[in-house]
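> dropping a prediction and its sequence here:
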Amino acid sequence: MKFYGRIILTILAAMLLGCAAEDTHDSRVNDAPDAGFKDIESEDITSTDTVEEDDILVLGDITLDANLGHRCGNAPVEDWPLNTEVPATLITTTEQGGVMHATIDARAGGTQSAASKSYIYLNLESGEQLIADDITAFKEGGWDLAFKRVIIRSNGADSGGGDISLSKFSDTRFEAVSAPPTNADAWAEDVAYDADCALITDPIGQPVTAFNYLNLDNPSGSQSWYDYGNGIVPHSGDIYMIKVPARQATYKFELLSWDDGIFEVRWAAL
């Protein structure tokens with residue numbers, strides 16, 4: 001694709017942050033956008049350059065004409081961000097006695113390179129990685145959880161079309177969990193935008209996910225799955241429930257460790 005001139009940044013801002021006329025999203029998190037997170041307002045950017053119809057539609061690795069079908073237009077392309085690089089095979093999975101164990105390399109080239117790398121997509125049923133760029137994964141599905149550095153997305157709400165929701169049991173053991181909670185209010189989704197399509201971020205400035213909403217009371221202040229301290233470690237005793245309506249399946253899921261972006265996790269179908 002030829003580059004004929006700089007893209008008018010005001011047009012880009014409108015494409016990325018424009019919202020649909022109606023908000024048809026159904027959040028399962030009560031008052032979640034007001035739960036201590038920050039709304040980010042878009043900056044006013046102007047340009048006097050002109051651009052022709054065939055001008056470049058890729059800025060770095062971010063595809064600007066993704067047509068996600070999202071309630072807030074293409075905002076997730078910039079905000080997560082969603083990239084067009086196809087990742088390598090970075091998940092190794094084993095199974096024993098109905099329990100799947102996986103090592104997930106979500107280092108994304110380190111903190112300085114993470115913004116230009118795609119997420120690592122995991123299908124809990126097969127235990128396999130979906131080899132796809134972020135745009136394809138968002139639009140076509142085939143995954144349940146996505147990993148990059150400390151971020152874990154689930155395929156539902158503002159993260160994808162899978163309608164996946166999560167819940168959590170605290171202060172327990174993986175072996176002790178045999179059924180999901182029955183309380184509908186116990187479940188959360190990746191609601192990353194409020195009703196006006198303003199981005200909601202966590203304490204480190206990332207779009208929020210269900211893993212944030214389920215951990216607002218984390219004693220370390222992370223408002224996420226991990227504790228600060230002598231490195232980043234999963235909060236002890238937390239077992240997550242992951243409900244996948246498309247397969248009528250629910251999984252119990254545990255984060256065992258995290259080492260500079262490499263996750264050790266295990267899960268089993270209930």
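Sure thing, it's come through.
> pLDDT weak spots in the stretch 101-250 of the chain?
Scanning the stretch 101-250 of the chain for pLDDT under 70 picks out nothing.
> which stretches of it form strands?
For the stretch 101-250 of the chain, the strands defined by DSSP state E, counting those that start in this stretch cover 120-122, 129-130, 145-148, 151-154, 165-169, 199-201, 226-227, 233-234, 239-244, 249-259.
> and the first one, which strands flank it?
Each strand that pairs with strand 120-122, with its direction, by DSSP bridges: strand 129-130 (antiparallel), strand 145-148 (antiparallel).
> the last one: how far from the chain's middle?
So the one you mean is strand 145-148. Taking CA atoms, centre = their mean, to the nearest Å, one finds the center of strand 145-148 at 6 Å from the center of the full chain.
> put the alpha carbons of that strand into CSV.
The C-alpha trace of strand 145-148 is given here as CSV (Å, rounded to 0.1, in the frame of the first residue of the first chain):
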residue,chain,number,x,y,z
LEU,A,145,-8.5,-16.1,27.1
ALA,A,146,-5.8,-13.8,25.7
PHE,A,147,-2.5,-12.9,27.4
LYS,A,148,0.1,-10.1,27.1
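> rebuild the strands of the stretch 101-250 of the chain as CSV, extending it with mean neighbour count and distance to Tyr193.
(Glycine included, C-beta is placed from N, CA and C.) Compiled in CSV, those are given as follows (neighbours: other CB atoms under 10 Å; distance: least, CB to CB, whole Å):
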stretch, mean neighbour count, distance to Tyr193
strand 120-122, 26, 21
strand 129-130, 22, 24
strand 145-148, 26, 17
strand 151-154, 26, 14
strand 165-169, 21, 17
strand 199-201, 22, 6
strand 226-227, 19, 24
strand 233-234, 18, 27
strand 239-244, 22, 22
strand 249-259, 18, 25
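> adding distance to Leu214, write those out as TSV.
TSV is the format used below for the strands of the stretch 101-250 of the chain (distance: least, CB to CB, whole Å):
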stretch	distance to Leu214
strand 120-122	18
strand 129-130	24
strand 145-148	14
strand 151-154	11
strand 165-169	5
strand 199-201	15
strand 226-227	12
strand 233-234	13
strand 239-244	7
strand 249-259	12
